[in-house]
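Q: Here is my input; please provide its structure:
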Amino acid sequence: MDIVSNFSFLVQQLSGFFWIFSNRLFWLAVTSQLASMIAKMIIVSIQNKKFSVMNMFIYGGMPSSHTAFVMSLVFGCMLEPSIGWKHPLVACVFVLAMIILSDAIRFRGAVDKINAEVQELSERTGITVNMPRFVAHKPEEVVAGIIFSFVYTLLFYLFFGGLFR
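A: Residues are numbered from 1 along each chain as shown. From the prediction side, this is the model:
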């Protein structure tokens, strides 16, 4: 291939980027995460007896919006007529989802422990350190995110599946 055909191919591929906005799986994942963030805001506002839009953006919390995002993509791939349960893409997306869910619980849990140690050290030394709290998800928050994403995916395909044909 010469430079002109390479450039033409590159322009063609890059111009296809905007088609993502007509992709059902893209909208499913994005709206699922947004809906779970709104649900988290409502739940935390009720628990704190004080409404705050900023509760949408806290780390941790119920349901896990990371979980809802990635698991709605998994469930969407399984329900997508052109993909289906047996397609290799479902296995790839599922493996990525497991990595993200494991990270939400285990790795971020380690960050929580480090934060607690740094906070304790700062209290003993008198040095003020602002560390974020509650970075990790509890397993029940992740399970709630999985259930949320499953129900959301079913409702999405039921009501909006025909918009993307």
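Q: now the strand or helix carrying Ile100, how far from the chain's geometric center?
A: Counting by DSSP states H and E, the element that carries Ile100 is helix 88-102. Centroid displacement of helix 88-102 relative to its chain, using CA atoms, centre = their mean, to the nearest Å, is 12 Å.
Q: Which elements pack onto that helix?
A: Packing contacts for helix 88-102, counted by 3 or more CB pairs under 8 Å, 6 or more residues apart in numbering; DSSP states H and E, involve helix 65-79. Where you see a C-beta, it was placed from the backbone N, CA and C, and this is true even at glycine.
Q: The longest helix seen in the chain packs against which elements?
A: Criterion DSSP state H: the longest helix present in the chain is helix 24-48. When contacts are defined as 3+ CB pairs under 8 Å, 6+ apart, helix 24-48 sits against helix 65-79, helix 139-160.
Q: Can you say which of those helices is packed in most?
A: Across those, the average number of neighbours (mean count of other CB atoms under 10 Å) peaks for helix 65-79, which reaches a mean of 24.
Q: Quick check: mean pLDDT of that one?
A: For helix 65-79, the mean per-residue pLDDT is 92.
Q: ok, residues contacting that helix?
A: 24-25, 28-30, 32-33, 35-37, 40, 83-85, 87, 89-90, 93-94, 96-97, 100-101, 104, 137, 141-142, 144-146, 148-150, 152-154, 156-157 (CB atoms under 8 Å, 6 or more residues apart in numbering).
Q: which parts of stretch 38-53 are buried?
A: Within stretch 38-53, the residues that qualify as buried are Ala39, Lys40, Met41, Val44, Ser45, counting by 16 or more other CB atoms under 10 Å.
Q: In contact with the first one, which residues?
A: If I follow you right, that is Ala39. For Ala39, the contact set (CB under 8 Å, 6+ apart) comprises Pro63, Phe148.
Q: Appreciated, that's everything.
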